[in-house]
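Trainee: could you look at this predicted model? Sequence included:
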Amino acid sequence: MKYHKIIVAGALCACISLSAKAQDQNELCIPQFVAGTSEDGSRWETTLMFVNQQEADVTSQWSFLNATGQPVGYTVREQLGLGDETTIDATGQFAPTPFTAGAGRSFRFSSEEALQPGFVVITSSAPLTAHGRLHLLDAEGNLVNETTFTPGANFQSGTFFVDTTDDRLTGLAITNTSQTATATCTMQLFREGEPDQVGEDVTVTLAPLNQNSQMLQEAFTAAGFLEDEAGMS
């Protein structure tokens, strides 16, 4: 097993397991959200699952944005996609009925439009516990692959681990949720248990309400960092 430690530091950034800026009260960023159809007919859908651990009901307002900060509309069904269909229009705004105290809910999002990766910002009256699942389906609607993620607290610096064994890939989504400030995120790579940095810094700069998503191996292999460890060319 080959593990690497990544240190991420920057102003107002967010990532898939750590979500970054000085966090507003009860603001939750889902830093990677995909729904839509690819050119080959395959499509992506996203399921978001929530638990209200409060003793009172929780209200919320959701904003759906693509990677360049433009609002996007989707179709949503509750109950893991088995509920009635609701349309989120092109304003990208969604206000579901209140989350009942002590209860959980799930929402599955899809779109017949061209695929637009993006993110979701949720402002709620009290904190909600959330995790998500990204689904890839073929043109006939059969599940090809899926992955789960748990949004973390917003951050300005953080550390996480990535496995580069064999063909395993780790996706990284960095989202700047500020409406006014540009975010500059600097990533540094370390081998597990070794103090010295591998290679040079990788920097990602994001305009307000912009997102960058890519495989971590892509970001660091471009600078030649992972070739020896992961057998990449």
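Mentor: Structure's in. What do you need?

Trainee: domain assignment for the chain?
Mentor: Recorded structural domains for the chain (assignment: automatic domain parsing) are 3-15+154-230, 27-149.

Trainee: and these, which one averages the lowest pLDDT?
Mentor: Looking over those, mean pLDDT reaches its minimum on domain 3-15+154-230, with a mean of 70.

Trainee: just to revisit the earlier point, switch the domains of the chain over to a markdown table; also include mean neighbour count.
Mentor: In short, each C-beta sits where N, CA and C put it, glycine included. Putting those into a markdown table (neighbours: other CB atoms under 10 Å) gives the following:
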| stretch | mean neighbour count |
| --- | --- |
| domain 3-15+154-230 | 17 |
| domain 27-149 | 17 |
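
Trainee: so what does residue 218 have for phi and psi?
Mentor: Dihedral pair for residue 218: phi -70, psi -40, per degrees, to the nearest 10.

Trainee: any idea how far it is from residue 186?
Mentor: The spacing between residue 218 and residue 186, counted by CB to CB, to the nearest Å, is 17 Å.

Trainee: kindly report the same for residue 177.
Mentor: As defined by CB to CB, residue 177 lies at a distance of 18 Å from residue 186.

Trainee: got it, and residue 60?
Mentor: Here the criterion is CB to CB. By it, residue 60 lies 33 Å from residue 186.

Trainee: quick one, what contacts the most centrally placed residue in the chain?
Mentor: For the chain, residue 32 is the residue whose C-alpha lies nearest the centre (CA atoms, centre = their mean; 2.4 Å). Contact partners of residue 32, counting by CB atoms under 8 Å, 6 or more residues apart in numbering, are 16, 117, 119, 132, 134, 149, 171, 173, 175, 211, 213.

Trainee: all helices of this protein, in order?
Mentor: Listed in chain order, the helices found in the chain under DSSP state H are 216-221, 227-230.

Trainee: the first one packs against which elements?
Mentor: If contacts are counted by 3 or more CB pairs under 8 Å, 6 or more residues apart in numbering; DSSP states H and E, helix 216-221 sits against strand 171-175, strand 183-191, strand 202-206, helix 227-230.

Trainee: make it 6 Å
Mentor: Helices and strands touching helix 216-221, by 3 or more CB pairs under 6 Å, 6 or more residues apart in numbering; DSSP states H and E: there are none.

Trainee: could I get the CA-only coordinates of it as PDB?
Mentor: In PDB, the C-alpha atoms belonging to helix 216-221 read as follows (Å, rounded to 0.1, in the frame of the first residue of the first chain):
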ATOM      1  CA  LEU A 216      -5.400  14.000  -7.300                       C
ATOM      2  CA  GLN A 217      -3.000  11.900  -9.400                       C
ATOM      3  CA  GLU A 218      -3.500  14.200 -12.300                       C
ATOM      4  CA  ALA A 219      -2.600  17.300 -10.300                       C
ATOM      5  CA  PHE A 220       0.600  15.900  -8.900                       C
ATOM      6  CA  THR A 221       1.700  13.600 -11.800                       C
END
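
Trainee: roughly how far out does that helix sit from the chain middle?
Mentor: Once both centres are worked out by CA atoms, centre = their mean, to the nearest Å, helix 216-221 turns out to sit 17 Å from its chain's centre.
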